[in-house]
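Visitor: could you work out the structure for the sequence below:
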Amino acid sequence: MSMAASQSASDKWAKVGPVVVMGVSGCGKTAVGEDLARRISAGFIEGDSLHPSANVEKMRRGMPLDDADRGPWLDALGRMLGGDGDVVVSCSALKRSYRDRLRALAGRPVVFVYLRGDREVLVARMAARSHDYMPLSLLDSQLATLEPPHGEDKVVTIEIEQPLEAIVMSALDYLASPKGP
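Guide: This is a model prediction of the structure:
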């Protein structure tokens, strides 16, 4: 392989910027985010790891978070999106106001990868996994809160009823397209 060919391949993802893999619980944000970050040589931040302990305890008790609960969490994520370098963050980003807040705090264009799936698929995925504090009972509150990112800039919607590899490849195709970063 020539130096020029390897240079262009490595530069392909040089200016991706921040990416948020979003959707309700059970959609695969962590798995997609980790694989996507690895493929574009970006850092990965599991958004749930930044929830304040009060939020974690509230969810553990089966109580949905409200806007006030999510505010400090979104602020922490937004600051990370605004840092130097490329980063992929998993974050539910359920409302447009949350996504706008993340965009504003990042201070640079943010790409959102929206993982969309039917409730039945999400229920089956959540029932098959172990999560420290996100019980299946909170799925309906997330679905009720969700404002899909239709008509927003720099958003790709990907259906989750396909293999992980196909989901990540769809995200990569979007990132490589003129609509992406």
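
Visitor: and residue 54, how many neighbours?
Guide: 11 (other CB atoms under 10 Å). Every residue, glycine included, has its C-beta placed from N, CA and C.

Visitor: low pLDDT regions in the chain?
Guide: 1-15, 129-136 (pLDDT under 70).

Visitor: so where do the helices sit in it?
Guide: Per DSSP state H, the chain carries helices over the ranges 3-11, 29-39, 53-60, 67-81, 96-106, 119-127, 139-145, 164-176.

Visitor: for the shortest one, buried residues please.
Guide: Buried residues in helix 139-145, counting neighbours by 16 or more other CB atoms under 10 Å, are found at 139, 141-142, 145.

Visitor: ranking the helices of the chain by burial, who's on top?
Guide: Among those, ranked by average contacts under mean count of other CB atoms under 10 Å, first place goes to helix 29-39 (a mean of 20).

Visitor: ok now that helix, how far from the chain's centre?
Guide: Remark: helix 29-39 is offset 9 Å from the chain centroid, using CA atoms, centre = their mean, to the nearest Å.

Visitor: give the other helices and strands that it contacts.
Guide: Judged by 3 or more CB pairs under 8 Å, 6 or more residues apart in numbering; DSSP states H and E, helix 29-39 is in contact with strand 18-22, strand 43-46, strand 87-90, strand 111-116, helix 164-176.

Visitor: out of the helices of the chain, nearest to residue 113?
Guide: With respect to residue 113, and counting by CB to CB, the nearest of the helices of the chain is helix 164-176 at 4.8 Å.

Visitor: circling back to that earlier point, CSV for the helices of the chain, including distance to residue 17?
Guide: Formatted as CSV, those follow (distance: least, CB to CB, whole Å):
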stretch, distance to residue 17
helix 3-11, 14
helix 29-39, 13
helix 53-60, 27
helix 67-81, 9
helix 96-106, 8
helix 119-127, 29
helix 139-145, 27
helix 164-176, 9
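
Visitor: C-alpha coordinates for stretch 113-128, PDB please?
Guide: C-alpha atoms of stretch 113-128 as PDB (Å, rounded to 0.1, in the frame of the first residue of the first chain):
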ATOM      1  CA  VAL A 113     -26.800   8.900  15.800                       C
ATOM      2  CA  TYR A 114     -30.400   8.100  16.800                       C
ATOM      3  CA  LEU A 115     -31.000   4.400  17.400                       C
ATOM      4  CA  ARG A 116     -34.700   3.800  16.800                       C
ATOM      5  CA  GLY A 117     -36.600   0.600  17.600                       C
ATOM      6  CA  ASP A 118     -40.000  -0.800  18.400                       C
ATOM      7  CA  ARG A 119     -41.100  -1.100  22.000                       C
ATOM      8  CA  GLU A 120     -41.300  -4.900  21.700                       C
ATOM      9  CA  VAL A 121     -37.600  -5.100  20.600                       C
ATOM     10  CA  LEU A 122     -36.500  -2.800  23.300                       C
ATOM     11  CA  VAL A 123     -38.400  -4.800  26.000                       C
ATOM     12  CA  ALA A 124     -36.800  -8.000  24.800                       C
ATOM     13  CA  ARG A 125     -33.300  -6.500  24.900                       C
ATOM     14  CA  MET A 126     -33.800  -5.000  28.300                       C
ATOM     15  CA  ALA A 127     -35.300  -8.200  29.700                       C
ATOM     16  CA  ALA A 128     -32.200 -10.100  28.400                       C
END
